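A.B. asks: let me see the structure of the following:
(2 chains)
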There are 2 protein chains.
Amino acid sequence: MNRDVLSATKKYDMLSYGDKIVVGLSGGADSVCLTHALVSLMDSLSLEVEAVHVNHGIRGEEALRDEKFCSDFCKSLGIKLTVFRFDIPLECKKTGESEEECGRRIRYECFKNTAGENAKIATAHNLNDSAETVLLNIVRGTGCKGLCGIPPIRGNIIRPLIMTSRDEIELYCKENSLDFVTDSTNLQNEYKRNIIRNVVFPTLQKMNPSVFSAFSRLTENAADDEKLIEEITELKYSECKTSLGLDEEKLLSYPKALRRRILMRFLNENIKKDISAVHIYNAENVVGTAKSITLPGKTILAHRDGSLVLSEKVEENLPFSVTFNVKDGIVEFPYGKLKIQTFTQKDLQN
Amino acid sequence: MNRDVLSATKKYDMLSYGDKIVVGLSGGADSVCLTHALVSLMDSLSLEVEAVHVNHGIRGEEALRDEKFCSDFCKSLGIKLTVFRFDIPLECKKTGESEEECGRRIRYECFKNTAGENAKIATAHNLNDSAETVLLNIVRGTGCKGLCGIPPIRGNIIRPLIMTSRDEIELYCKENSLDFVTDSTNLQNEYKRNIIRNVVFPTLQKMNPSVFSAFSRLTENAADDEKLIEEITELKYSECKTSLGLDEEKLLSYPKALRRRILMRFLNENIKKDISAVHIYNAENVVGTAKSITLPGKTILAHRDGSLVLSEKVEENLPFSVTFNVKDGIVEFPYGKLKIQTFTQKDLQN
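C.D. replies: So this is what the prediction gives:
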């Protein structure tokens, strides 16, 4: 039988009997292999498989050749193909996106429209893509989250080739006499990924021929660790939530990794702006001190009654007035509180 | 004042008032910078600083030049230097180690002998060394533990330059008019590290000039995460320990990352042989099944009364005899158990 290029479908339980699957088909080796391998399972798993091709309208002649190739390929397999045509360069001018971002967004929109609510979307990301993503994330400065690589499953998107290397994919195509075109989704100028792909990984592969498997093991371990830590974060987050914000003493008693994630969760939940690593870092330095900091969205992180609290920043020079009776007690102001204590002449003399 | 090359000493609380410190001095830029920077703190922190130089007996002329350089340098700083001389190539022939392994072992032995019980040992590992180690570990196929890089502190060993890049170190030497020699501890043929250092990182640095800081952040996050997960492992390990071994149902209810680490802890504690990743992987596949596996040291991991248990492997073809009365009940054998149930003629007919 065929080389087992779909090993990830078993490990991650991606396919169920009777599934309807929409495959993203560019015409490149990866998506040709994926489509062919899924079609070969149609009978035994009673799958419905169809394909979607997105013509990006870049490099006109070549794009038309790719489209025709996909059309012929699907005819030979006896499956339905839906073709979408776009003018990505024009779209980019409108939205200000890069061709890469724009192409990705539009592709996934097309996949989703075709799949609707009931079908799974299969994309042809492979082991090399995932390893490249991990190394790119590290070079850009990721936390451990970025080590998890391309997720095997996200919502109704599945990546059946995510455990399969590019070499295995090419071998599969050869063994099954499958033609393919140069991947037209491989849009121009993804400068950094190309260096990682064409310079760095070939060097690393000389040091360890199984370097992609090494990345894969790391990715899997990191994803397991991340899942565990997220579960604990969720648990401890609810434990240290107060009516005002976060219980500061409890927060301070947690290990650093947990404290950092609880703060991240708290800020992301309450501030509807981009919270970056530097904001989390600054927030960490507020815990257990008398400091307060200003965060995006004119929000202040400060201390009140043993809790870390978020409040809207009040413009500092605005005049304000508060009326109160002169008797002992606490009066609340926009900036904080005023404690009032009355004294007799005698008190002051002592 | 001087460039702050010792930032890690503050972050990791490496130095205390009155510390006695033994610095490993090769004569290279890193250890020259470290020694000079520590000496500049002697007065304010009331430190005692002395140095150790290990002459590896490789490349004779050059080794003698390095030794003389270190001797002159320490004289100029007014600190004590102890020199050890070895014939590493000869030593390697005796022990079968590589020159690199042997050199490292002997260096640390010399540092420890000089420091005794009461002094700290300072080594000059820097940010670049740590990032190289992380990438080397990834390429070799590490779990998340290998992302923690070179530890800033291990026992009484401190690495005050671990947050400082090689560029900053060279700038420090320039600003303080410090000469240095080509590091003679940089033993030959560390082939893989040289590729990482001279080919891979310069390429990554073109993509992100702050790539070493990016690795440093990852390393710090990974170390925090690892510490958290180790704490939870310790807690849950004691929760699922039984008199026989590990409670299988509890183990099965834990997230995978935890289950893996508890098994690792259990096997390492009970089997006094090298347990590798593949053994852990096989053990994971035993949990919740009827399977059993053979591990190093002729040990079997199997199931008994709801627990995962380790037992010595019994040679399979040994004859054995057990005497028992024919009545209903369980009889224990070396391989397992025999359930006995007696039937009347009538039972069998129904």
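
A.B. asks: what about the longest helix in chain A?
C.D. replies: For chain A, the helix with the greatest residue count under DSSP state H is helix A:211-240.

A.B. asks: quick check, that helix touching chain B?
C.D. replies: Yes. Looking at helix A:211-240 against chain B by C-beta under 8 Å from any C-beta of the partner chain, the contacts come from A:211, A:213-215, A:217-218, A:221-222, A:224-225, A:227-229, A:231-232. Any C-beta I mention is one placed from the backbone N, CA and C, and that applies to glycine too.

A.B. asks: for A:T182, which residues are in contact?
C.D. replies: A:G28, A:E62 (C-beta atoms under 8 Å, 6 or more residues apart in numbering or on different chains).

A.B. asks: repeat that for 7 Å
C.D. replies: A:G28 (C-beta atoms under 7 Å, 6 or more residues apart in numbering or on different chains).

A.B. asks: what strand or helix carries it?
C.D. replies: Counting by DSSP states H and E, no helix or strand carries A:T182.

A.B. asks: ok, now how distant is it from B:Y17?
C.D. replies: 66 Å (C-beta to C-beta, to the nearest Å).

A.B. asks: A:H279 in helix, strand or coil?
C.D. replies: helix (DSSP: H, G, I helix; E, B strand; the rest coil).

A.B. asks: counting neighbours, what do you get for it?
C.D. replies: Neighbour count of A:H279, defined by other C-beta atoms under 10 Å in any protein chain shown: 21.

A.B. asks: tell me what the residue lying closest to it once chain neighbours are set aside is bridged to.
C.D. replies: Closest residue to A:H279 apart from its sequence neighbours, by C-beta to C-beta, 6 or more residues apart in numbering or on different chains: A:L295 at 5.7 Å. Beta-bridge pairing for A:L295 (DSSP bridges): A:T299.

A.B. asks: for A:L295, give me its contacts.
C.D. replies: A:L295 touches A:L267, A:I271, A:H279, A:L301, counting by C-beta under 7 Å, 6+ apart.

A.B. asks: ok, 10 Å please
C.D. replies: A:L295 makes contact with A:L267, A:N270, A:I271, A:K273, A:I275, A:H279, A:N282, A:A283, A:L301, A:L310, A:K313, according to C-beta atoms under 10 Å, 6 or more residues apart in numbering or on different chains.

A.B. asks: find the nearest non-adjacent residue to the residue of the stretch 51-200 of chain A found nearest chain B, please.
C.D. replies: In the stretch 51-200 of chain A, the residue that lies nearest chain B is A:G141 (3.5 Å; C-beta to the nearest C-beta). The shortest distance from A:G141 to any non-neighbouring residue, by C-beta to C-beta, 6+ apart, is to B:A214 (3.5 Å).

A.B. asks: burial of that neighbour, as a residue count?
C.D. replies: There are 18 residues near B:A214, going by other C-beta under 10 Å.

A.B. asks: thinking again about what came up before, list only buried entries from the contacts of A:L295.
C.D. replies: Buried by 16 or more other C-beta atoms under 10 Å in any protein chain shown: A:L267, A:I271, A:I275, A:H279, A:N282, A:A283, A:L301, A:L310, out of these.

A.B. asks: quick one: the residues you listed as a markdown table, columns for pLDDT too.
C.D. replies: As requested, the buried ones among the contacts of A:L295 are exported to a markdown table (pLDDT from 0 to 100):
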| residue | pLDDT |
| --- | --- |
| A:L267 | 91 |
| A:I271 | 86 |
| A:I275 | 83 |
| A:H279 | 87 |
| A:N282 | 89 |
| A:A283 | 91 |
| A:L301 | 92 |
| A:L310 | 91 |
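
A.B. asks: which one of these is nearest B:E249?
C.D. replies: A:L267 (38.3 Å; C-beta to C-beta).

A.B. asks: that closest one contacts A:L310, doesn't it?
C.D. replies: Yes. With contact defined as C-beta atoms under 10 Å, A:L267 reaches A:L310; the gap is 7.9 Å.

A.B. asks: quick one: common contacting residues for these two?
C.D. replies: The contact lists of A:L267 and A:L310 share A:L295, A:T299, A:L301, where a contact means C-beta under 10 Å, 6+ apart.

A.B. asks: can you pull the contacts of the last one?
C.D. replies: Translated: A:L301. By C-beta under 10 Å, 6+ apart, the neighbours of A:L301 are A:245-246, A:263, A:266-267, A:270-271, A:279, A:282-283, A:286-287, A:291-295, A:308-311.

A.B. asks: that one should be in a strand, yeah?
C.D. replies: Yes. Per three-state DSSP, A:L301 lies within a strand segment.

A.B. asks: now it: how far from B:K11?
C.D. replies: 23 Å.

A.B. asks: for A:L338, same thing?
C.D. replies: Distance from A:L338 to B:K11, by C-beta to C-beta: 40 Å.

A.B. asks: now A:G27
C.D. replies: Counting by C-beta to C-beta, the gap from A:G27 to B:K11 is 52 Å.

A.B. asks: could you do A:L6 as well?
C.D. replies: 47 Å.

A.B. asks: kindly report the same for A:C33.
C.D. replies: The value you get for A:C33 to B:K11, if C-beta to C-beta is used, is 49 Å.

A.B. asks: more crowded one of those two?
C.D. replies: A:C33 (28 against 12).

A.B. asks: following the helix or strand hosting the more buried one, which helix or strand shows up next?
C.D. replies: If you go by DSSP H and E, A:C33 is part of helix A:29-39. For helix A:29-39, the following helix or strand on the C-terminal side (DSSP H and E) is helix A:42-45.

A.B. asks: may I see the buried residues of that next one?
C.D. replies: Neighbour counts over helix A:42-45 (16+ other C-beta under 10 Å) mark no residue as buried.

A.B. asks: please report how far the nearest residue to A:V83 once chain neighbours are set aside lies from A:G28.
C.D. replies: Closest residue to A:V83 apart from its sequence neighbours, by C-beta to C-beta, 6+ apart: A:H53 at 5.0 Å. In this view, A:H53 and A:G28 are 11 Å apart by C-beta to C-beta.

A.B. asks: tell me which parts of the stretch 201-350 of chain A are close to chain B?
C.D. replies: A:201, A:203-208, A:210-211, A:213-218, A:220-233, A:254-261, A:277, A:281 (C-beta under 10 Å from any C-beta of the partner chain).

A.B. asks: list only those of those residues flagged as buried.
C.D. replies: A:201, A:204, A:207-208, A:211, A:214-218, A:220-226, A:228-229, A:232-233, A:254-255, A:257-261.

A.B. asks: domains in chain A, by residue range?
C.D. replies: Annotated domains of chain A cover A:7-220, A:228-312 [automatic domain parsing].
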